[in-house]
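*Asks:* Give me a model of this one.
(one chain, ligands or ions: 1)
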Amino acid sequence: MVDAEGTSLCLGHCADGTWGAIDNVCTHDGGVLGEGELDDCLVECPRHGARFDLRTGEVKALPAVFPVNAYPVRVVDGRVEVDVGVPTKELEIG
Ligand code: FES
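*Replies:* Just a heads-up that it's a prediction; the model follows:
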């Protein structure tokens with residue numbers, strides 16, 4: 001879990017070596033995704049178990065039905081950079 005320019009992010013390292021960053025708030029009922037478990041590249045919400053793809057923000061398991069924003073991540077000279085100005089999706093709460 002990191003804060004970047006006022007945006008709370010769930011940032012993680014997937015099993016295949018890639019990085020991903022998504023909003024830190026679950027669209028189901030506000031669970032803190034950064035406190036959940038990371039399995040391969042899926043983040044499990046600690047509240048009710050919804051799963052989100054860390055690279056795309058897509059829902060992979062209910063009870064959440066709406067995706068979270070995902071942000072471009074790159075590694076430059078050993079530093080992880082997240083572009084919080086370019087979410088891949090607009091946040092929907094439901
Ligand atoms: S708050 Fe995340 S699954 Fe319910």
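*Asks:* okay, the most far-flung residue of the chain relative to its centre: pLDDT?
*Replies:* With distances taken from the mean C-alpha point of the chain and given as Cα atoms, centre = their mean, the most distant residue is residue 77, at 23.0 Å. The predicted local distance difference test score for residue 77 is 92.
*Asks:* ok, which stretches of this structure are strands?
*Replies:* Using DSSP state E, the strands assigned to the chain run over residues 2-4, 7-13, 19-23, 37-39, 42-44, 51-53, 59-61, 70-71, 73-76, 79-82.
*Asks:* Bridged to the residue nearest the centre of the chain, which residues?
*Replies:* The residue at the geometric middle of the chain, judged as the C-alpha nearest the mean C-alpha position with Cα atoms, centre = their mean, is residue 22 (2.5 Å). The residues listed as beta-bridge partners of residue 22 by DSSP bridges are residue 10, residue 70.
*Asks:* on that earlier part again, mind putting the strands of the chain into a markdown table with distance to residue 31?
*Replies:* Placement of C-beta: from N, CA and C, glycine included. What follows is these, written out as a markdown table (distance: least, Cβ to Cβ, whole Å):
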| stretch | distance to residue 31 |
| --- | --- |
| strand 2-4 | 17 |
| strand 7-13 | 11 |
| strand 19-23 | 11 |
| strand 37-39 | 12 |
| strand 42-44 | 10 |
| strand 51-53 | 10 |
| strand 59-61 | 13 |
| strand 70-71 | 17 |
| strand 73-76 | 22 |
| strand 79-82 | 21 |
